[in-house]
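Asks: With the input below, show me the fold.
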Amino acid sequence: MKIAFFGTPEIASIVLEELKNANLIPNLIITNPDAPVGRKQILTPPPVKIWAQNQSIPVTQPLSLKNPDLLPEITDQEWDLFIVVAYGKIIPSWLLAKPKYGTVNVHPSLLPKLRGASPIRSAILNDIKDTGVTIMLMDEELDHGPILYQEKTPIETDSWPIDGQELDKIMAHQGGRMLAKIIPDYIQGRISPTSQDHKQATFCTKITKDMSELTIDPYHLPEGEAAYKILLKIRAFAGWPETFFIHNNKRYKIKQAKISNNKLEILRVVPEGKTETDFSLCFR
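Replies: Below is the predicted model:
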C-alpha cells in the first residue's frame, strides 16, 4: 500500500511513530519548509522532517500545493492513501481526491463538535471535558468530511483542567493508534464512512497571542469561579501562546498554577529577561 503523509509539528511525528510501530510506514513525507526559530532566528527543520530523515523516508517541502506541475514527487505517482495530521497548509480538492482511497485526517475532537484549528486548546478553555479523536475523510470544507472512526479520550477527573501540551501528546498517540487500527479495515471495505450531523457542528475559539494577557494583581489573586476560569486559560495556553501578566511594567509568563482552597495559586513564572523561578520569590 502506497501512503503519503502530510504533517509538520511534533504531534504529527508522534502519529508517525505509532504508524511505524504498526508497520504502516509512509512512502513519502510532505511537510512545511524549514523556518526561522527562536530569538536568533535559526533556520530549523520541522519535527516531521527530522523524523523522516531518521527513518530514511523521502521528504518534500513545497511552498505551496496549488500548482501540480511543481509537485512531481506527488503527482507523478499513483497513491492508495494520503494521511494528514496538522500539515499547516490548505490542500486543494484535486489533491485530496488523488489517492485511490482518498485522504484521511486525524482531528482531535469528537466531530462535528469543535471543528477548526485549535480543538484541544478550545476544549480546555471552554471546560469541555468530554472530548476525543476523530478519523475522517477530508473534503473541500473545514473538518466537514465523513467519519471513519471516533474514540473518546480518557482524562482523569483529578487531572482536569489538563495542560494543553500534555493533551496534545496524549491525543496524538491515540490518533496514531486509531489510524493503525482502522486503515486496514477501511482499505479492505470492512468499515464505511458515516456523514457528520452538520446541524450539530460547533467551531473552535480562534487562539491568538493577544488573548494570553491576564489582568490580575499578583498580591491579590482571584478566588472562586474567576480563579477557575483563569486556570482554564493558563492550562489551555501552555506552550503557546502562554499566559502572562504585567506588574510594574514587567511581564511575567505563568508556567505553572493550580487552585488551592478555592483560590488561584501561581507556582512558577518567568520574569521578563530572566529564567523560570518560583512565584513566591518574586512576590513575597
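Asks: Domains of the chain: list them as residue ranges, please.
Replies: 3-200, 209-282 (automatic domain parsing).
Asks: Deepest-packed of those domains, please.
Replies: Counting by mean count of other C-beta atoms under 10 Å, domain 3-200 has the highest mean neighbour count of the domains of the chain, with a mean of 17. Quick note: C-beta positions are derived from backbone N, CA and C, even for glycine.
Asks: Quick one: end-to-end distance for it.
Replies: Terminal residues of domain 3-200 are spaced 32 Å apart (C-alpha to C-alpha, to the nearest Å).
Asks: how far does it sit from the chain's center?
Replies: Distance, stretch centre to chain centre, for domain 3-200: 9 Å (C-alpha atoms, centre = their mean, to the nearest Å).
Asks: pLDDT averaged over it, what's the number?
Replies: Mean pLDDT, domain 3-200: 96.
Asks: now do stretch 246-261
Replies: Computed over stretch 246-261, the average pLDDT equals 97.
Asks: Contacts for that stretch, please.
Replies: 213-214, 218, 227-228, 230-231, 234, 242-245, 264-272, 276, 282-283 (C-beta atoms under 8 Å, 6 or more residues apart in numbering).
Asks: now it, how far from the centre of its chain.
Replies: The answer for stretch 246-261 is 25 Å, by C-alpha atoms, centre = their mean.
Asks: Check stretch 265-276 too.
Replies: Distance, centroid of stretch 265-276 to centroid of chain: 25 Å (C-alpha atoms, centre = their mean).
Asks: same deal with stretch 197-214?
Replies: 14 Å.
Asks: what about that stretch, how long is it end to end?
Replies: First-to-last distance for stretch 197-214 - C-alpha to C-alpha - comes to 37 Å.
Asks: Equivalent analysis for stretch 213-223, please.
Replies: For stretch 213-223, by C-alpha to C-alpha, the gap between its terminal residues amounts to 18 Å.
Asks: which other residues reach that stretch?
Replies: 227, 230, 233-234, 243-247, 252, 254, 262-266, 279, 282-283.
Asks: quick one: average confidence on that stretch?
Replies: In the prediction, stretch 213-223 has an average pLDDT of 96.
Asks: picking up where we left off before, among the contacts of stretch 246-261, which are in helices?
Replies: A227, Y228, I230, L231, I234, C282 (DSSP state H).
Asks: Is the third one in contact with K263, as I believe?
Replies: Read that as I230. No. If you go by C-beta atoms under 8 Å, I230 and K263 don't touch, sitting 10.7 Å apart.
Asks: Next one: the nearest residue to T103 once chain neighbours are set aside from S192, what distance?
Replies: Counting by C-beta to C-beta, 6 or more residues apart in numbering, T103 lies nearest to F82, which is 4.0 Å off, once chain neighbours are set aside. In this view, F82 and S192 are 19 Å apart by C-beta to C-beta, to the nearest Å.
Asks: Equivalent analysis for D163, please.
Replies: Taking C-beta to C-beta as the measure, D163 falls 37 Å from S192.
Asks: R121 too?
Replies: Relative to S192, and taking C-beta to C-beta, R121 is found at 32 Å.
Asks: Give me the phi and psi for the residue lying closest to G239 once chain neighbours are set aside.
Replies: Take G239 and drop its neighbours on the chain: the residue closest to it by C-beta to C-beta, 6+ apart is Q165, 4.1 Å away. With angles defined as degrees, to the nearest 10, Q165 sits at phi -60, psi -40.
Asks: And G132, by the same measure?
Replies: Backbone torsions of G132, given as degrees, to the nearest 10, read phi -180, psi -160.
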